[in-house]
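A.B. asks: this is a predicted model, with the sequence first.
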Amino acid sequence: MNTPLRKVGMVMLAMLTLLLANTTYVQVIRGDDYASDSRNSRVLYEEYSRERGKIVSDEAGQVLAGVEPSNDNFNFRRTYRNGPMYAPVTGYYSIMYGAGGMENAEDAFLNGSDPRLFVRRLSDMVTGRDPRGGNVRLTIKPAVQKAAYQAMTENGYTGSVVAMDPKTGHILGMVSTPSYDPNRLASHDGDKQQQAWQEYSEADGNPMLNRAVRETYPPGSTFKIVTTAAALEDGMAPDAGVTSDSEVTLPHTSTQLENYGGATCPGNTLKDALKYSCNTAFAEIAGDLGPEKLRATAANFGIGEDDMRIPLGVVPSSLGELESPAALYQSGIGQRDVRLTPLQDALLAATVANDGMAMKPNLVKARLAPDLSTIEDIAPEELTGEPAMSAESAEALTQMMIQSEENTGGGGKDPELKIASKTGTAEHGSDPKNTPPHAWYTAFAPHDDPKIAVAVIVESGGNRGLAATGGTVAAEIARATMSAGLGGG
Amino acid sequence: MAAAAGNQSAVGQQYTTNPPRELPKRRGTELMLLAFAAVIVTTAFVLVQINQEQSLSWSILWYGGAYLAIFSAAHVAVRRWAPYADPLILPCVALLNGLGLVAIYRLDLAEAERARSLGEEFAGSAPRQVLYTVVALALFLAVLRVIKDHRTLTSYAYTAGLAGLILLALPAMLPASLSEVNGAKVWLRLPGFSIQPGEFAKILLMIFFASFLVAKRDLFMTAGKRILGVELPRARDLGPIIIAAVVCLGILVFERDLGTALLFFGITLMMLYVATERAIWVVVGLSMFLVGAFIAYQLFTHVQQRVTNWIDPLATYDDPGGGYQIAQGLFGLGTGGVFGTGLGAGRPEMVPEAHTDFISAALGEEIGFVGLAAVLLLYLLLAMRGMRSALAVRDTFGKLLGGGLSFAIVMQVFVIVGGVTKLIPMTGVTTPFLSAGGSSLLANYILVALLLRISDTARRPIQQKPSGEAPPKQLAPIAEAHTVMVQRPPQTPAEGGPALSASGGQQGPGQPAPGQQNAGQQNPGHQAAGHQPVPPAPGGQQSPGQARGGRQTPPQTAQPASDGPLPSGPSQTGPQQAEPSAAAEEPAWPTEDSTDEPNRPKGDDAT
């Protein structure tokens, strides 16, 4: 009986060998795959028990996202000062739902795993300190952010404000309303987290959507900046004559395209057309330019850039197909399939302000070590390396936009600000005539030495319904934002 | 071999003059190893506390004290009631059980944390597990004390079989309110506590199978029909066991306890194979298993679910009843990586049922692949020591039972750890000695007590005085016998040498010196020759008459108090008496390997 017993012994050996081999496969060969699976929240837990780096604003280093010690087994809780106001900037950091926004984009740096922090991690190990994450300094100016956020929320508007420094691309303010409080998602109480997440996901107006960079809208008349720039680059003079008809027929169709309110344009030059925002004129200009020229100019404004990171991912803005002359007519006034993010819209004004050169928008100014010494400064970059228009064209366009601002109503007008602007009233929806339009306003100031460029969108007319225009609804918010930005120097 | 050759001349007459060797009981070794296990467990415990609470608490004294008391008592009991038992078995068990306690305690800390944050009450499993260990110890002592000789168990074979079946069937027949916990209908819910009778049924049925198979063994081997060139036992000989096996499986499938069903099936197959020595049973059994598995897959959705979860647990991660648990276990194992996160520094509580079915995932996360592999090897060591004892013991019942018990440990580990690591579909069984749960612990301690009893018998020196003219007062215990250079007794004919290699070696012991050389070179299949110096050869495949003495029907076997097979021995082996005394040879060289590994010496020499 010993022979079969011995064979059974060999079988036992084989079974254990199989187990060992399989354990090797699971733990050693596939180990990293399993460890880094997005559903494996152990990694997140691990990060949590480390002191995560802070997200601070540019001016005075206000801490937008910090940590406070918690006496549970996570050691630290993420805290957000003025959570809803800065939520589009900071994002959230949640045990159950992971990280979003800047928390996600700069995660490796904030949680300390970034290779640039390696030397400091070593020294932490030697000195026995718990490893800490690096800090991220943003370009945000609290005054700008606050002014923009308050202007939007006081009116209960749904929409977005983006303010940037035209010369550097630094984003000074980025607001999206309605907003959410990332503190609730950072709670260490699972039920509270879950409740907050559910509430925010189901709420009207989708508060967790960062409209500034994750949503595109038809830009309406603010797009005429691009059309004008293309025309000027094409050799058209500001005084060149254009149609002043109240309506034009779209080529090869019987559809009429009319001016706002069906009015005849008060002037018949290019600069009048921009001042009064005459649709018919710009439709024809776009039709004359043709799709290639329009697209080429738009590209240097940043439209069509499909991997823009600030470092938050920005959904691409686009002109659409421009498949026919009719489409070209409509696209020339920012309708049809033209879709811009609010950030891109701010970039239109900023590009004009920066003598025709678009700067790469960016939210991060510097990355700092845990001890606040600078590890990396982010230098301003040109977006495409090619100007969207010449400096002369930009100057001409600025003059037109100053005229446009003079013609624009709305509250908060202050000649001291020296604003150059363009409004937009964008139709949208399946029944455009009976859907309150999006109110747009994009501007920069002061026009002789631009320091801030802003775009505002108030979705679906804000509180004015069908009568809403960019001037009446959005302008006031942008002016308040620019005032805050310039007041702060 | 070199040593042996060197000794050859020196040995000369030594076997007659050398006083009988005092057989080492190896209890000192056991104590040292137990102390070693205690050090490891204490270190693990301290690590958990340091990593979890940043400071040591008094509970370490409580747990440490309980642990020491339990295994001191076990050690004393073994010293007293099974002094020749294998010295490695108990330390392996102590280490496994200790690591289990540490893991459970560690999971308790995490659960308590969670409960505290939710404002709930939480009662840990660790104190209960300590209590179970104490009860298990009591059972362990009782088994060692009461069962002085494992062969007495054969008298109760049918009782054990019946009891096993009833225990197994009880949960299936009782209403769910009395037998269902967490959806598994495998419990007996008694006031105050619950037990899983299946765990005990496992051992009872193994006793029955072993006894039955041994009793009917000759029938299987002789009175068979030849089919396709293979001798199959007659159905009526094999009937009871087939029926018992099928009933067991039926019940388990009905109870949806797939893991235990698989375990029983494997054990039955193994015992059948060992008893009949016919590989055809393994082939038949495995084919039956494949067919059965296929049918079960077609019939039962829960079987399909398990297979789906096995193939890709990540794909069914979010489904109800899907791969979430297995995936979490894999995440934990992956996060642990090669060296683990450190005890108390991981998050093993994220795996549902981490303290029972998935305790290997919990351990693998915190002590890494290295630690988990060590734990697996510990099981292998434990089972292999059991298997050694089975090989060394003289009676066939002991062999079959010891082999079965050892195999059961490995099989169970294979089923559960294989399930956790996605080697095979997950079927819930407990991890022996590690998992939280009283029934499993109690049953496994009984199992270990039986193994110790068998190993004690295997290594215990034979006290019986051999009748006949041969001089030696003390026979070497079979297990202790090793190759010895013996002077060729003048009356022995020289035919032994060649016969040895051809005929299985039961005459080996009588070999004159040249024959010994041959014995040393025998193939491993005949390592059994290690105890063949003693006349009544152990394997039983020797001369029928001799062997049958050892495997009479149960009552008869039980009668000779200690050495059933022996009486026939001396008379038959008169001429070959040389070697019993030879075992008491010069003590210098063979002691280490011979004592630990009763069978090895010859094999070792050969390699």
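C.D. replies: Sure thing, it's come through. Numbers count the residues shown, from 1 in each chain, chains lettered A, B, ... in the order given.
A.B. asks: how about the residues of the stretch 151-300 of chain A by chain B?
C.D. replies: By the rule C-beta under 8 Å from any C-beta of the partner chain, the part of the stretch 151-300 of chain A lying against chain B is A:188-189. No exception for glycine: its C-beta is placed from N, CA and C like everyone else's.
A.B. asks: residue ranges with poor pLDDT in the stretch 301-450 of chain A?
C.D. replies: Nowhere does the stretch 301-450 of chain A drop to pLDDT under 70.
A.B. asks: just the closest residue of it to chain B, please.
C.D. replies: Chain B sits closest to A:Pro370 of the stretch 301-450 of chain A, with a gap of 21.8 Å, by C-beta to the nearest C-beta.
A.B. asks: and that residue, helix, strand or coil?
C.D. replies: coil (DSSP: H, G, I helix; E, B strand; the rest coil).
A.B. asks: ok, and the closest non-adjacent residue to it?
C.D. replies: A:Arg132 (4.1 Å; C-beta to C-beta, 6 or more residues apart in numbering or on different chains).
A.B. asks: next, count neighbours for that neighbour.
C.D. replies: Close neighbours of A:Arg132, defined as other C-beta atoms under 10 Å in any protein chain shown, add up to 22.
A.B. asks: the residue of the stretch 301-450 of chain A closest to chain B contacts A:Asp114, correct?
C.D. replies: No. A:Pro370 is beyond contact range of A:Asp114, at 11.6 Å (criterion: C-beta atoms under 8 Å).
A.B. asks: scan chain B for its longest helix.
C.D. replies: As assigned by DSSP state H, the longest helix anywhere in chain B is helix B:359-392.
A.B. asks: and that helix, what other elements does it pack with?
C.D. replies: The contact analysis (3 or more C-beta pairs under 8 Å, 6 or more residues apart in numbering or on different chains; DSSP states H and E) places helix B:359-392 against helix A:2-24, helix B:89-118, helix B:324-336, helix B:396-420, helix B:438-459.
A.B. asks: switch those helices over to CSV; also include mean neighbour count, distance to B:Gly428 and mean pLDDT.
C.D. replies: Output for these, formatted as CSV (neighbours: other C-beta atoms under 10 Å in any protein chain shown; distance: least, C-beta to C-beta, whole Å; pLDDT from 0 to 100):
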stretch, mean neighbour count, distance to B:Gly428, mean pLDDT
helix A:2-24, 19, 17, 94
helix B:89-118, 22, 17, 89
helix B:324-336, 27, 10, 91
helix B:396-420, 28, 8, 94
helix B:438-459, 26, 11, 93
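A.B. asks: could you point out which of these sits nearest B:Ala373?
C.D. replies: Of all the helices and strands packed on helix B:359-392, it is helix A:2-24 that lies closest to B:Ala373, at 5.7 Å by C-beta to C-beta.
A.B. asks: circling back to that earlier point, what angle do the longest helix of chain B and helix A:2-24 make?
C.D. replies: Inter-element angle recorded for helix B:359-392 and helix A:2-24: 160 degrees (by axes from the mean of the first three to the mean of the last three C-alpha atoms, to 10 degrees).
A.B. asks: give the rounded mean pLDDT of helix B:359-392.
C.D. replies: Averaging pLDDT along helix B:359-392 gives 94.
A.B. asks: what residues of it count as buried?
C.D. replies: Buried residues in helix B:359-392, counting neighbours by 16 or more other C-beta atoms under 10 Å in any protein chain shown, are found at B:359-373, B:375-376, B:378-392.
A.B. asks: quick one: common contacting residues for A:Pro370 and A:Asp114?
C.D. replies: Counting by C-beta atoms under 8 Å, 6 or more residues apart in numbering or on different chains, the common neighbours of A:Pro370 and A:Asp114 are A:Gly134.
A.B. asks: shaky segments in the stretch 151-300 of chain B?
C.D. replies: In the stretch 151-300 of chain B, residues with pLDDT under 70: B:182-184, B:192, B:220-238, B:240-241, B:244-245, B:248, B:252-253.
A.B. asks: which residue ranges of it form strands?
C.D. replies: Taking DSSP state E, counting those that start in this stretch as the test, the strands found in the stretch 151-300 of chain B are B:188-190, B:193-195, B:224-227, B:230-233.
A.B. asks: residue in chain A nearest to chain B?
C.D. replies: Going by C-beta to the nearest C-beta, chain B is nearest to A:Tyr34 of chain A, at 2.5 Å.
A.B. asks: wasn't that residue part of a helix?
C.D. replies: Yes. With three-state DSSP as the criterion, A:Tyr34 is located in a helix.
A.B. asks: now for it: which residues touch it?
C.D. replies: A:Tyr34 sits next to A:26, A:40, B:330-331, B:333-335 when contact means C-beta under 8 Å, 6+ apart.
A.B. asks: in JSON lines, list these along with distance to A:Glu427.
C.D. replies: As requested, those are exported to JSON lines (distance: C-beta to C-beta, whole Å):
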{"residue": "A:Val26", "distance to A:Glu427": "58"}
{"residue": "A:Asn40", "distance to A:Glu427": "47"}
{"residue": "B:Leu330", "distance to A:Glu427": "53"}
{"residue": "B:Phe331", "distance to A:Glu427": "50"}
{"residue": "B:Leu333", "distance to A:Glu427": "57"}
{"residue": "B:Gly334", "distance to A:Glu427": "53"}
{"residue": "B:Thr335", "distance to A:Glu427": "53"}
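A.B. asks: which one of the residues you listed is nearest to A:Lys7?
C.D. replies: Taking C-beta to C-beta as the measure, A:Lys7 lies nearest A:Val26 of these, at 28.7 Å.
A.B. asks: quick one: pLDDT of B:Ala2?
C.D. replies: For B:Ala2, the model assigns a pLDDT of 41.
A.B. asks: now swap in the one 10 residues further on and tell me
C.D. replies: The predicted local distance difference test score for B:Gly12 is 37.
A.B. asks: the one 5 residues further on too?
C.D. replies: At B:Thr17, the predicted lDDT confidence score is 42.
A.B. asks: and B:Ser435, how far is that from B:Ile416?
C.D. replies: B:Ser435 sits at a distance of 8 Å from B:Ile416 (criterion: C-beta to C-beta, to the nearest Å).
A.B. asks: scratch that, B:Gly368 is what I was asking about
C.D. replies: When C-beta to C-beta is the yardstick, B:Gly368 and B:Ile416 sit 19 Å from each other.
A.B. asks: what does A:Thr177 give?
C.D. replies: 55 Å.
A.B. asks: residues touching the residue lying closest to A:Pro325 once chain neighbours are set aside, list them.
C.D. replies: Nearest residue to A:Pro325, sequence neighbours excluded (C-beta to C-beta, 6+ apart): A:Pro251, at 3.8 Å. Applying C-beta under 8 Å, 6+ apart, we find A:Pro251 in contact with A:287, A:324-326, A:329.
A.B. asks: in a strand, A:Pro251, correct?
C.D. replies: No. Going by three-state DSSP, the assignment for A:Pro251 is coil, not a strand.
A.B. asks: returning to what we had before: quick one: contacts for the closest residue to the residue of chain A closest to chain B other than its chain neighbours?
C.D. replies: Take A:Tyr34 and drop its neighbours on the chain: the residue closest to it by C-beta to C-beta, 6+ apart is B:Gly334, 2.5 Å away. Listed by C-beta under 8 Å, 6+ apart, the contact partners of B:Gly334 are A:26-27, A:30-35, A:37, A:40.
A.B. asks: mind putting those into a markdown table with pLDDT?
C.D. replies: Formatted as a markdown table, these follow (pLDDT from 0 to 100):
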| residue | pLDDT |
| --- | --- |
| A:Val26 | 93 |
| A:Gln27 | 92 |
| A:Arg30 | 90 |
| A:Gly31 | 88 |
| A:Asp32 | 87 |
| A:Asp33 | 88 |
| A:Tyr34 | 89 |
| A:Ala35 | 86 |
| A:Asp37 | 83 |
| A:Asn40 | 83 |
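A.B. asks: among those residues, which ones are buried?
C.D. replies: For those, buried by 16+ other C-beta under 10 Å: A:26-27, A:31, A:34-35, A:37, A:40.
A.B. asks: find the centremost residue of chain A, please.
C.D. replies: A:Val213 (2.7 Å; C-alpha atoms, centre = their mean).
A.B. asks: Three-state assignment for that residue, please.
C.D. replies: Using three-state DSSP, the structure places A:Val213 in helix.
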